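In: Here's my sequence, what's the structure:
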Amino acid sequence: MRAYLSQSDALLKAATVAAVDAVGGVSRASQLLGMGTSALTKYCSTAEEWSKNFIRVDLAVALDRATAHPFISTAISQLVADQAPASVGELTASAVLRLDGVLDEVVRTIAVAIEDGHLDAAERQAVRSRIVPAMLFLARLDAMMAGAC
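Out: Below you'll find the model as predicted:
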């Protein structure tokens with residue numbers, strides 16, 4: 001059974017999942033942070049028993065430093081500024097089209113970058129700049145699918 005999470009809780013959980021995914025998954029993040037995978041998994045989980053367990057600030061900072069985008073710090077900044085997190089919205093055809101557009105940007109950028117058979121630093125950065133918004137959108141969608149929003 002999924003616990004009901006407030007929008008703030010859901011944002012923190014989704015940001016934690018995005019940061020963990022960005023460093024290569026739970027095993028890699030656990031290694032990086034020097035902690036067990038089970039503890040880290042609890043910070044990502046929306047299950048009722050773990051719904052109020054969040055990543056410690058020192059671990060969040062270390063995780064954000066290891067990624068190309070500070071997912072958790074950005075989420076916390078939104079909460080401190082009392083900004084409503086961007087929502088996927090209702091799951092409608094238009095939301096699916098928005099997702100298609102976000103993911104298509106990633107695909108098109110990669111296709112252009114690999115056209116010449118070589119990826120230079122600028123092309124890698126262009127691809128990464130498209131991946132971050134896609135990850136955030138997918139994290140919000142995942143939270144919605146988990147019943148968090």
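In: Can you find the helix or strand of this structure with the lowest average pLDDT?
Out: Comparing every helix and strand of the chain by mean pLDDT, DSSP states H and E singles out helix 121-145 as the least confident one, with a mean of 77.
In: Show me how far it is from its chain's centre.
Out: In terms of Cα atoms, centre = their mean, to the nearest Å, the centre of helix 121-145 is found 8 Å from the chain centre.
In: Can you list the buried residues in it?
Out: By neighbour count with 16 or more other Cβ atoms under 10 Å, helix 121-145 contains the buried residues 123, 126-127, 130-132, 134-144. C-beta: built from backbone N, CA, C; applies to glycine.
In: residue boundaries of the helices in this protein?
Out: Ranges of helices in the chain, per DSSP state H, are 7-22, 26-33, 37-44, 57-65, 71-80, 93-114, 121-145.
In: Tell me how far the first one lies from the chain's centre.
Out: Once both centres are worked out by Cα atoms, centre = their mean, helix 7-22 turns out to sit 5 Å from its chain's centre.
In: Please list the outside residues in contact with it.
Out: Applying Cβ atoms under 8 Å, 6 or more residues apart in numbering, the contact partners of helix 7-22 are 5, 26, 29, 40, 43-46, 51-52, 54-55, 60, 63-64, 67-69, 71-72, 74-76, 78-79, 84-85, 135-136, 138-140, 142-143, 148-149.
In: The fourth one too?
Out: Judged by Cβ under 8 Å, 6+ apart, the contacts made with helix 57-65 from elsewhere in the structure are 16, 19-20, 23, 29, 32-33, 35, 55, 70-73, 76.
In: in the protein, which residue is closest to the centre?
Out: Note on the chain: the residue nearest the mean C-alpha position is residue 18, at 2.3 Å, using Cα atoms, centre = their mean.
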